[in-house]
Each structure stands twice: as structure tokens, then as C-alpha cells.
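Participant: model this:
(2 chains)
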Amino acid sequence: MNAFEQTGTWAKKLKIPCTMKDAMTSTNDVAKEEAFQTHDPLKLYLAQHQTEGRGRFDRTWEDEGHGGFLLSTWSFDVSRSPSPMVTPRIGLMLVESFSKIFPEGSWSLKAPNDILLNGKKVAGILTEVVSKGDQFRLIVGLGVNVSKSPKALKTATSLTEGLGEVSTDQWSLFLKELKNGLEHAARMSHMSKLEPSECSQILDWLNENPNLKEQYCEVNAEGQLVYDGQVLNWMEL
Amino acid sequence: MALTYSPKSQGDLKVPEFSLKDVFGKTVDLRELSSKKVFCLMFICNHCPYVKAIEDRLIALAQNFSNESEIQFAAVCSNDPSDYEEDSIENLKARAVEKKYPFPYLVDESQELARMLGAVCTPDLYVFDRQGSVFYRGRLDDSWRDPAKVESEDLKEALLAALTGKDAPVEQIPSMGCSIKWKVDPS
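Facilitator: Numbering: from 1, shown residues only, chains lettered A, B, ... in the order given. A predicted model of the protein is given here:
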């Protein structure tokens, strides 16, 4: 299954505006450049290869190949300035989407926004916001190791490695679930505090991480992680 | 709690030109939201046991149709929360977050939308066709209390008919539930 092609086909079927290119500098950069050329509620950017892919703090994202990765950006029109809490919310939506469609895997969330499959990184998110006057777009960069993973990273895995071959039907179901989740996160993106139900769900997914030396005690409404008397700010991790 | 049944759909009923806010404070224009789509509008609330009984089925229905580009779901609460704290905006928001509603949850604070559409109860379920005319108004299915005993998925069938250009179901069995909690007229 070629994740790039299948995702493009799915977007076309749903009439989601989609820019697909063999190579982009980074899907987030292109989405930001074009942010206010569109009023579409959702626009999708897909690349087979990123020449300047980035993670947080401008770390390089190595994609090492074609079609085995989902290199995507989901650009949402949001009416108000998104709060930093959108980042853990998106992580929650993503890990829940994976676990629902691929329940045989052992899924967890690693703050600030890695998704782990069987204790290894399988997906990463880079959330950004662009604004122009009173217009805002929420830019959600999402990379998923579908059938390949960066060879240099022993801590990475892919869906195929962890679960076996992913069928096109499973992939479509995952995209549907993901879209629902991201739209839900976008609708409440301006909310500056996490709801109690979100705090407990995020805490549970964080503590599923088998690599944790110590379990977190609490995720509070400000997105702070509490463990052993220490408090970590989500966005400073 | 008075058990209330939704009346029959009216042929000339249209998606109103009306804007209202969702539970997160975003203004939603109903015509814009439903433009050229089959539109399922669900009057619900937090407190009503009839809604609670079918809430997961409404969510699943919307999720199952989310790979269809030509359909839009929205829920709306028109209840006056004065005597029903569960239906306050804060609690509606908390519910939408907790249950991850895959549709906008709108707040009809003025109750104008409910009056325009003649909504009477929760759940009161409407389907509008692509032209914005009412196509179906009726129950979700034939077993509100027990999902295991559902044999007729009326709302789903109506949505499929609207999507595929078929005629509206001839028999539209009313939805039933708690009455909408109207504000007391100060006059």
C-alpha cells in the first residue's frame, strides 16, 4: 500500500482540497505559504518526499524513501487563535485513531507529540499556527511511518513492522477516524484549558508508554505533567 | 418529564437562514454549513434520558457517514438551562469534548431555531435534502432503549435515500423524548 497515493485518492473521494507533489520542501512550509490563499475549512498537503522536512525545534525529518511514509499537513480554518493546548489534544486524537483502527498494537503517547507503537516511535506531529488579521489557520504536520521507518533510528518502527501489512481498507478507515479527530480538535482549538475528561485520557495514554521510568501522576488543565512532585510544561518538553 | 412526540415533517420546511454559536463559541451559519449537502440536524441535549440512550448511536452514525463528502451532521441544544444545569453551555461543551462529537454542537440560546423548525422534543431529528428542504423527520430507529433490538434504522435509511436521490420515506415515525425546555415568557 502506497500511503501517499491512497491518501490522495481518499481525499479526492471526499472532495477535500489536496495539493500532492512528489517532493516539497516540507508540507508544513507549503501549507503556511498558501495559508491565506484558501478559505477551505480543511486543506491537505501530501508529499512523497520532503527536501527540508522538520520536526520540532527545526530538527530534520528523514523520510528515506517514497510511499512508505505519510508525509502530510492538515490545514484547518479556525475562527480564533488556537491555544497551546491544541498540541496535546491533537496527540490524543491521533493515538485514539490508531488504537481504534489497529487495536492489536500497543499504543502510547509520548509528550510532546510522538505516537509510539510497541514502545517505538511510529508517528510525529508538528503543530503550527499562522495568522493574518483576524484569520487563523491551524497547521498540523503529521508524519507516519507506514511501511518504512528511518533506518538510522533504532527507536522508530512502522505500522508494517509492528502490525503487519496495512490494507487500503484499514488505511481509509484510519484516515476517516483521523479526520474526525482532527476536526474535533480544530473546533475547540482556542480553548485554553483541557477539560477533565481530556486530562484523564491523555494521562492514560502517556502512562501506556513502556519506556517511562516513572508514571505520571496527573495531567492538569494547563497541560502540565506532574510526576514525583515535579511539574513539566508540555510545550517545554 | 412529559413524553413528547415530534410531529410530521412539513413539506415547505427549509434549512433556515440562521447563525448560531457552537459550544466552543464559533459562529456557524446553517446555510453555509449545509450548502449543497444532505444535512442531518439533531435537536438533543445533555439531560434527557431518551437522548442519552441513543447518543452513542448518533455518534456512530455520523462517524460512519464521515467518508461521505455530501453529508453534514450537526446537533443543537435549544433547552433553557435554568432548571436543567446539565444543559448549560459549559456542560454541553464538556459533553462534546468527552464524547468527541464528530459534528458541531450548536447552542440555540434564543430558541429561535427550535421555533423556526417547530422542534418540540429531544431527540427531534431532521434530514434536509441538497436543496435544503426537509426530507425526513422522525425517529432514529425502532428500539431507542436497547440497541441490540434494533431492526429498522429509520434515520440511516432516510440519509441513504437522500444521498442517492431516492424518494423520502413514506412512513416517518415520530421521534419521542423530553419536551424542549422553553424559556418562561416574562410577559
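
Participant: residue 136 sits in which helix or strand?
Facilitator: All of this is about chain A. Element membership for A:Phe136, per DSSP states H and E: strand A:135-145.

Participant: wait, chain B
Facilitator: Assessed by DSSP H and E, B:Tyr136 sits inside strand B:134-138.

Participant: could you do A:Ala123 as well?
Facilitator: strand A:120-132.

Participant: go on, A:Thr73?
Facilitator: In the assignment (DSSP H and E), A:Thr73 maps to strand A:69-78.

Participant: so what are the sheet partners of that strand and their directions?
Facilitator: As defined by DSSP bridges, the strand partners of strand A:69-78 come to strand A:42-50 (antiparallel), strand A:135-145 (antiparallel).

Participant: between strand A:135-145 and the next helix or strand along the chain from that strand, find me the angle.
Facilitator: Counting by DSSP H and E, the next helix or strand C-terminal to strand A:69-78 is helix A:86-101. Orientation check (axes from the mean of the first three to the mean of the last three Cα atoms, to 10 degrees): helix A:86-101 against strand A:135-145 gives 40 degrees.

Participant: what comes up buried for helix A:86-101?
Facilitator: For helix A:86-101, burial by neighbour count (16 or more other Cβ atoms under 10 Å in any protein chain shown) applies to A:86-99, A:101. C-beta here means a position set from N, CA and C on the backbone, and glycine is covered the same way.

Participant: so which of the residues you listed are also by chain B?
Facilitator: Near chain B, taking Cβ under 8 Å from any Cβ of the partner chain as the test, the members of the buried residues of helix A:86-101 found are A:93, A:96.

Participant: what is the nearest of the buried residues of helix A:86-101 to A:Leu178?
Facilitator: A:Ser97 (4.6 Å; Cβ to Cβ).

Participant: from memory that closest one sits against A:Phe174, does it?
Facilitator: Yes - with contact defined as Cβ atoms under 8 Å, A:Ser97 counts as touching A:Phe174 (6.2 Å).

Participant: close to chain A: what parts of chain B are there?
Facilitator: B:22, B:24-27, B:63, B:66-69, B:93-94, B:96-98, B:100-102, B:104.

Participant: I'd like to know how many residues surround the closest residue to B:Lys166 other than its chain neighbours.
Facilitator: Of all residues not flanking B:Lys166 in the chain, B:Leu160 sits nearest, at 7.8 Å (Cβ to Cβ, 6 or more residues apart in numbering or on different chains). B:Leu160 has 15 neighbours, counted by other Cβ atoms under 10 Å in any protein chain shown.

Participant: quick one: terminal-to-terminal distance for stretch B:23-36?
Facilitator: One end of stretch B:23-36 sits 24 Å from the other (Cα to Cα, to the nearest Å).

Participant: which residues are contacting that stretch?
Facilitator: Stretch B:23-36 has contacts (Cβ atoms under 8 Å, 6 or more residues apart in numbering or on different chains) with A:79-80, A:187-188, A:190-191, B:15-22, B:39, B:41, B:70, B:72, B:74, B:89, B:92-93, B:96, B:104-107, B:113, B:128, B:130, B:132.

Participant: could you do stretch B:64-76 as well?
Facilitator: By Cβ under 8 Å, 6+ apart, stretch B:64-76 touches A:10, A:13-16, A:172, A:176, A:179-180, B:20, B:28, B:30, B:33-34, B:36-44, B:58, B:61-62, B:101-108, B:113-114, B:130, B:159, B:163.

Participant: can you give me the helices for chain B?
Facilitator: Applying DSSP state H to chain B gives helices spanning B:30-34, B:49-64, B:89-99, B:112-117, B:154-163.

Participant: in JSON lines, list these along with mean pLDDT and distance to B:Val170.
Facilitator: Shown next, in JSON lines, are the helices of chain B (pLDDT from 0 to 100; distance: least, Cβ to Cβ, whole Å):
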{"stretch": "helix B:30-34", "mean pLDDT": "95", "distance to B:Val170": "24"}
{"stretch": "helix B:49-64", "mean pLDDT": "96", "distance to B:Val170": "22"}
{"stretch": "helix B:89-99", "mean pLDDT": "95", "distance to B:Val170": "33"}
{"stretch": "helix B:112-117", "mean pLDDT": "96", "distance to B:Val170": "21"}
{"stretch": "helix B:154-163", "mean pLDDT": "97", "distance to B:Val170": "11"}
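
Participant: out of those helices, nearest to A:Leu163?
Facilitator: Closest among the helices of chain B, using Cβ to Cβ: helix B:49-64, at 21.9 Å.

Participant: the closest one: how far from the chain's middle?
Facilitator: Remark: helix B:49-64 is offset 11 Å from the chain centroid, using Cα atoms, centre = their mean, to the nearest Å.

Participant: and the longest helix for chain A?
Facilitator: The longest helix of chain A (DSSP H) is helix A:168-187.

Participant: what is that one packed up against?
Facilitator: helix A:3-13, strand A:69-78, helix A:86-101, strand A:135-145, helix B:49-64 (3 or more Cβ pairs under 8 Å, 6 or more residues apart in numbering or on different chains; DSSP states H and E).

Participant: could you dump the ones you listed to TSV with distance to B:Gln172?
Facilitator: Conversion of the helices and strands packed on helix A:168-187 to TSV gives the following (distance: least, Cβ to Cβ, whole Å):
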stretch	distance to B:Gln172
helix A:3-13	30
strand A:69-78	36
helix A:86-101	33
strand A:135-145	40
helix B:49-64	17
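
Participant: of all those, which lies closest to A:Leu237?
Facilitator: Taking Cβ to Cβ, helix A:86-101 is the member of the helices and strands packed on helix A:168-187 nearest to A:Leu237, at 10.1 Å.

Participant: who touches the closest one?
Facilitator: For helix A:86-101, contacts defined as Cβ under 8 Å, 6+ apart pick out A:105, A:107-109, A:111-113, A:115, A:117, A:122-123, A:125, A:127, A:138, A:140, A:142, A:170, A:173-174, A:177-178, A:180-182, A:184-186, A:188-189, A:194, A:198, A:201-202, A:205, A:219, A:223, A:234-235, B:100.
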